[in-house]
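# Starting from these lines, generate the structure:
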Amino acid sequence: MFIVNVEGAICKDEKWLVITRSSKEEHAGGTLSLVGGKVDVEGNTLDILERTVKRELYEEVGIEIKDAVTFVYSSSFVTDDGCNVINIVFLCEYDNGTAHCKSPDEVDAVHWMTYDEIMNHPKAPPWTKESIRRAALARKSS
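Model prediction:
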């Protein structure tokens with residue numbers, strides 16, 4: 001069985017919204033990350049991934065996005081405690097709100113950073129760089 005995780009890539013004024021994950025987080029605490037989280041079990045439902053990314057962005061950093069989101073890519077990984085995770089990244093369009101640490105158990109800091117700042121940041125893990133790289137390409141082609 002997999003845990004399903006979604007992340008939202010938002011670029012506004014040529015800066016990407018990233019967070020420093022809380023040091024309390026089990027996986028990758030203290031690193032730069034896109035905002036996202038686990039998909040809840042809802043039974044028979046539609047647009048669960050899209051609704052989840054919208055919910056997570058609002059719950060964690062207080063940002064609202066427009067309804068249309070664009071699939072960027074998916075990947076899988078195994079957490080330190082052996083859980084298999086499918087991660088799905090969506091390109092999202094900012095709609096409303098001021099990004100802030102709304103969920104301190106999950107977010108230590110909120111940043112708007114340029115592509116180069118993220119790619120050169122010492123706390124940006126390879127998977128975050130890959131997500132930003134792919135989201136930037138998707139943004140250019142849309």
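
# Specify the local secondary structure of Glu117.
In three-state terms, and counting by DSSP: H, G, I helix; E, B strand; the rest coil, Glu117 is helix.

# Please name the nearest non-neighbouring residue to Glu93.
With sequence-adjacent residues excluded and distances taken as Cβ to Cβ, 6 or more residues apart in numbering, Glu93 is closest to Lys66, at 4.4 Å. C-beta: built from backbone N, CA, C; applies to glycine.

# Apologies, that question was intended for Leu91.
Once flanking residues are discounted, Leu91 sits nearest to Thr70: 4.3 Å by Cβ to Cβ, 6+ apart.

# got it, and Arg55?
Distances taken as Cβ to Cβ, 6+ apart place Gly37 nearest to Arg55, at 7.9 Å, with adjacent residues excluded.

# residues contacting the one you found?
When the contact criterion is Cβ atoms under 8 Å, 6 or more residues apart in numbering, the partners of Gly37 are 5-6, 52, 55-56, 59-60, 106.

# Same check on Trp112?
Counting by Cβ under 8 Å, 6+ apart, the residues that Trp112 touches are 12-13, 15-17, 99.

# In the protein, where's the longest helix?
The helix spanning the most residues in the chain, taking DSSP state H as the definition, is helix 126-141.

# Need the three-state assignment for the residue located most distally from the centre of the chain.
What lies farthest from the middle of the chain is Asn44; by Cα atoms, centre = their mean that is 24.5 Å. With three-state DSSP as the basis, the three-state label of Asn44 is coil.

# Bridging across strands, which residues link to Val78?
Here Val78 sits in beta bridges with Asn84, as judged by DSSP bridges.

# Tell me how many other residues crowd it.
10 (other Cβ atoms under 10 Å).

# likewise the one 4 residues further on?
The number of residues packed around Gly82, counting by other Cβ under 10 Å, is 6.
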